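Peer 1: coords please:
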Amino acid sequence: MSHSSQPQVGRRNFLAGAAAVAASAAVPGVAGLAAANTAAAASRPNILLIVTDDQPKNTEWALQKTTAWLADQGVKFTNGHVTTPLCAPSRSSVFSGRYAHNHGVRNNQASYSLDQSTTVQRYLKQAGYRTGLFGKYLNSWTLSQNPPHFEEFALLQPGYVDAQWNVNGTVQTINGYTTNIIKNRTLNFIDKAATDSRPWFAYVTPYASHGPRTPEAKYAGTAVPDWNGRPSVPENNRDDKPAYIRNATGTLADGKTIRAEQLRTLLSVDDAVQAFKDKLQALGQLDNTLVIYIGDNGFSWADHGWTKKSVPYRPAHEVPFYLSWPAGGLGAGTTDNRIVANIDIAPTILDAAGITPTHSVDGKSLLSGFNRDHLLVEWWEQGTNAGGPPTWASYVAKDKQYTEYYDLTTDTNGKVTGTGQVKFREYYDLAGDPYQLTNKLYQATPSDEQNLGIPALAAQLAADRTS
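Peer 2: Predicted structure coming up:
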């Protein structure tokens with residue numbers, strides 16, 4: 001497939017394309033999407049949402065079947081981000097289309113702060129969708145408690161082998177490799193479409209590529225392509241960075257190990273995605289299924305010495321992000337260079353299903369022509385976690401990034417306390433310094449700050465944090 005740059009996918013365009021697709025393929029009522037909320041449920045697309053764990057960019061070697069389908073024949077977003085690079089806040093943003101400062105899940109302990117009535121699964125179930133969850137849900141969620149608004153589920157207590165699950169209300173151990181169990185239960189769920197005419201929503205969340213990064217046995221010894229780091233790995237001089245980065249000890253060898261282990265776990269995810277495609281094809285549902293694939297956050301391969309997530313550097317908040325929906329005109333293999341994020345997933349799904357949310361949403365439908373010039377990325381320190389990142393917020397554009405660290409912490413419910421005083425600031429020229437090696441605010445004069453446009457960026461960041 002040829003790749004063309006397609007900065008915008010306008011709803012009008014894809015509806016026009018949908019009519020042509022509908023004429024040439026047996027997809028019931030695709031043109032009915034134009035009628036939005038009045039469309040019969042059966043004409044709405046199925047939704048397959050795949051969210052991996054801790055998967056950074058530059059992992060496509062392990063996803064060759066996935067990218068052959070979703071990128072080469074769908075849409076590849078080259079500027080995909082998460083708005084909080086941490087599992088539960090990011091997943092809550094996926095569900096609700098909201099920033100963490102609006103949905104309240106500011107850390108992994110605060111999962112119960114999410115208003116379940118704002119979730120995409122609630123809207124879809126209410127609109128007549130069959131809903132299923134297979135894999136990880138939200139950190140700190142009690143395993144024995146059923147996830148709301150899912151008709152069928154296999155909820156994973158995070159792990160790779162012989163893990164604990166809540167299957168439709170029964171907690172049990174299921175032996176085997178968890179990515180394969182998720183694959184098979186998702187296939188069974190999709191297969192029911194042969195006899196159940198309702199459109200369906202499957203939320204599929206393998207534990208890969210989260211630590212301990214245990215590969216499936218058949219991939220344990222798989223050789224991965226050599227990698228010799230990048231300029232940010234490990235970055236020897238970090239005098240211009242905050243204290244927790246100056247003290248970071250990750251090495252190139254650490255980065256290589258993490259990367260290799262992540263790639264091996266993702267090979268099983270790739271197998272699962274191919275199996276989903278084959279099943280959809282066999283059922284005749286490939287065209288009218290909206291498939292979205294994203295990582296819940298990125299991960300640092302010893303960039304600036306850091307070997308985790310939660311930081312305002314690109315490897316932690318930039319993620320792989322793909323979309324396919326042939327019946328919606330998104331099946332041709334395009335590259336979309338807009339700044340897009342996890343908060344855009346719920347609005348996109350609801351838009352495709354013809355549902356108007358009744359709660360306020362921060363994200364935008366990817367099916368619209370919106371094109372943001374920057375994104376807010378935010379993260380909160382929980383408790384007084386000595387050595388970890390302090391609370392921070394960041395203005396992220398394609399060509400620059402401005403970050404402030406604050407005297408703020410959160411409790412287990414996500415409640416924020418502290419003075420809010422700015423403790424440290426960073427500015428990177430991403431066009432000239434993509435690896436964020438030179439913090440231009442280190443030892444900058446007030447005149448330097450004016451020239452960099454810092455006052456305006458700080459004002460915008462303050463506005464974004466309360467919007």
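Peer 1: so where do the helices sit in this protein?
Peer 2: In the chain, the segments counted as helices under DSSP state H are 11-24, 64-70, 87-96, 100-103, 120-126, 178-191, 243-246, 252-283, 314-317, 345-352, 446-452, 454-466.
Peer 1: Counting by contacts, list what the fourth one packs against.
Peer 2: With contacts defined as 3 or more CB pairs under 8 Å, 6 or more residues apart in numbering; DSSP states H and E, helix 100-103 has these neighbours: helix 87-96. (C-beta placed from N, C-alpha, C; glycine too.)
Peer 1: Average pLDDT for the helix it packs on, rounded please.
Peer 2: For helix 87-96, mean pLDDT is 98.
Peer 1: Kindly format the C-alpha coordinates of it as CSV.
Peer 2: Only the C-alpha atoms of helix 87-96 are listed here, as CSV (Å, rounded to 0.1, in the frame of the first residue of the first chain):
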residue,chain,number,x,y,z
CYS,A,87,-1.2,3.2,33.6
ALA,A,88,-4.4,4.0,35.5
PRO,A,89,-4.5,7.7,34.7
SER,A,90,-3.9,7.0,31.0
ARG,A,91,-6.5,4.2,30.9
SER,A,92,-9.0,6.4,32.6
SER,A,93,-8.3,9.0,29.9
VAL,A,94,-8.9,6.4,27.2
PHE,A,95,-12.3,5.5,28.8
SER,A,96,-13.5,9.0,29.5
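Peer 1: Show me how far it is from its chain's centre.
Peer 2: 8 Å (CA atoms, centre = their mean, to the nearest Å).
Peer 1: okay, now the closest residue to Asn247 other than its chain neighbours: neighbour count?
Peer 2: Spatial nearest neighbour of Asn247, excluding adjacent residues (CB to CB, 6 or more residues apart in numbering): Gly387 at 6.9 Å. Applying other CB atoms under 10 Å, we find 8 residues neighbouring Gly387.
Peer 1: so Asn288 sits right up against Ala327, yeah?
Peer 2: Yes. Taking contacts as CB atoms under 8 Å, Asn288 lies within contact range of Ala327: 4.2 Å.
Peer 1: thinking again about what came up before, just name the most buried of the helices of the chain.
Peer 2: helix 87-96 (a mean of 28; mean count of other CB atoms under 10 Å).
Peer 1: Read off the pLDDT value for Leu367.
Peer 2: For Leu367, pLDDT reads 97.
Peer 1: what do you get for the one 3 residues further on?
Peer 2: At Phe370, the model reports a pLDDT of 96.
Peer 1: Next: the one 5 residues further on.
Peer 2: Listed pLDDT for Leu375 reads 98.
Peer 1: beta partners of it?
Peer 2: Taking DSSP bridges, one obtains Val396 as the residues bridged to Leu375.
Peer 1: again, but for the one 4 residues further on
Peer 2: Partner residues in beta bridges with Trp379: Trp392, with DSSP bridges as the criterion.
Peer 1: ok, it to Thr52 distance?
Peer 2: For Trp379, the distance to Thr52 (CB to CB, to the nearest Å) stands at 19 Å.
Peer 1: Grab the nearest non-local neighbour of Ile294.
Peer 2: Phe321 (4.9 Å).
Peer 1: Next up, the contacts around the one you found.
Peer 2: Neighbour list for Phe321: Lys76, Phe77, Gly80, Tyr293, Ile294, Gly295, Val340 [criterion: CB atoms under 8 Å, 6 or more residues apart in numbering].
Peer 1: confidence score at it?
Peer 2: Confidence score, pLDDT, at Phe321: 98.
Peer 1: Next: the one 10 residues further on.
Peer 2: Gly331 is assigned 91 on the pLDDT scale.
Peer 1: Now do the residue nearest to Asn247, the pLDDT please.
Peer 2: 75.
Peer 1: Starting from Asn236, give me the distance back to it.
Peer 2: Going from Gly387 to Asn236 by CB to CB gives 20 Å.
Peer 1: next one: Val75
Peer 2: For Val75, the distance to Asn236 equals 39 Å [CB to CB].
Peer 1: Between those two, tell me which one has more neighbours.
Peer 2: Val75 (23 against 5).
Peer 1: Thr249 contacts Gly305, correct?
Peer 2: Yes. Contact criterion CB under 8 Å: Thr249 and Gly305 qualify, at 6.0 Å.
Peer 1: More neighbours: which of the two?
Peer 2: For Thr249 versus Gly305, the count of surrounding residues by other CB under 10 Å is larger for Gly305: 23 against 10.
Peer 1: what residues are up against the more buried one?
Peer 2: By CB under 8 Å, 6+ apart, the neighbours of Gly305 are Pro234, Glu235, Arg238, Ile245, Ala248, Thr249, Gly250, Thr251.
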